[in-house]
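A.B. asks: Prediction below, plus the sequence it came from.
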Amino acid sequence: MATDMPGKPQYGPFDGIIVTAAAREIPAELLHQLRQGGRLVIPVGGSLSQVMTVVERKGEESFEYSDHGNFVFVPMLKGTVNEK
């Protein structure tokens, strides 16, 4: 079954999430699947270059962002997650 929501919210909250496909922007759904102190690592940007971004959840609606260099990843596509 395909889903438009990234991640696995039914199993969260998570200490860490690693995304291995480029996202044009950070999906809010992933941010809210982190527990406080949890980190999301995700390449963010267009099709030719992305910035590796680390987001740490500091509080209920508080996040700290840091960038860690340029990379090139395949694009993230909506609705392509297969669940069993």
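C.D. replies: Received the coordinates, thanks. Keep in mind it's a predicted model, so treat the numbers as computed, not measured.
A.B. asks: In this protein, where is pLDDT below threshold?
C.D. replies: Scanning the chain for pLDDT under 70 picks out the ranges 1-5, 78-84.
A.B. asks: In it, which strand is the longest?
C.D. replies: strand 34-45 (DSSP state E).
A.B. asks: What is it packed up against?
C.D. replies: Contacting strand 34-45 under the criterion 3 or more C-beta pairs under 8 Å, 6 or more residues apart in numbering; DSSP states H and E are the following elements: strand 14-18, helix 28-31, strand 50-59. For glycine as for every other residue, the C-beta is placed from the backbone atoms N, C-alpha and C.
A.B. asks: Mind listing what's buried along that strand?
C.D. replies: 34, 38-40, 42-45 (16 or more other C-beta atoms under 10 Å).
A.B. asks: on that earlier part again, any idea which of the helices and strands packed on strand 34-45 is most buried?
C.D. replies: Greatest average neighbour count among the helices and strands packed on strand 34-45 goes to strand 50-59 (a mean of 16), per mean count of other C-beta atoms under 10 Å.
A.B. asks: Contacts only, for the residue nearest to Val74 when sequence neighbours are not counted.
C.D. replies: Nearest non-adjacent residue to Val74, counting by C-beta to C-beta, 6 or more residues apart in numbering: Ala21, 5.4 Å away. Counting by C-beta atoms under 8 Å, 6 or more residues apart in numbering, Ala21 touches 43, 73-77.
A.B. asks: again with Ile17
C.D. replies: Taking C-beta under 8 Å, 6+ apart as the definition, contacts of Ile17 comprise 7, 30, 33-34, 38-42.
A.B. asks: looking at the sheet around the nearest residue to Ser47 once chain neighbours are set aside, what are its partners?
C.D. replies: Leaving out its chain neighbours, the residue that sits closest to Ser47 by C-beta to C-beta, 6+ apart is Pro75, at 5.9 Å. Pro75 forms beta bridges with Ala22, as assigned by DSSP bridges.
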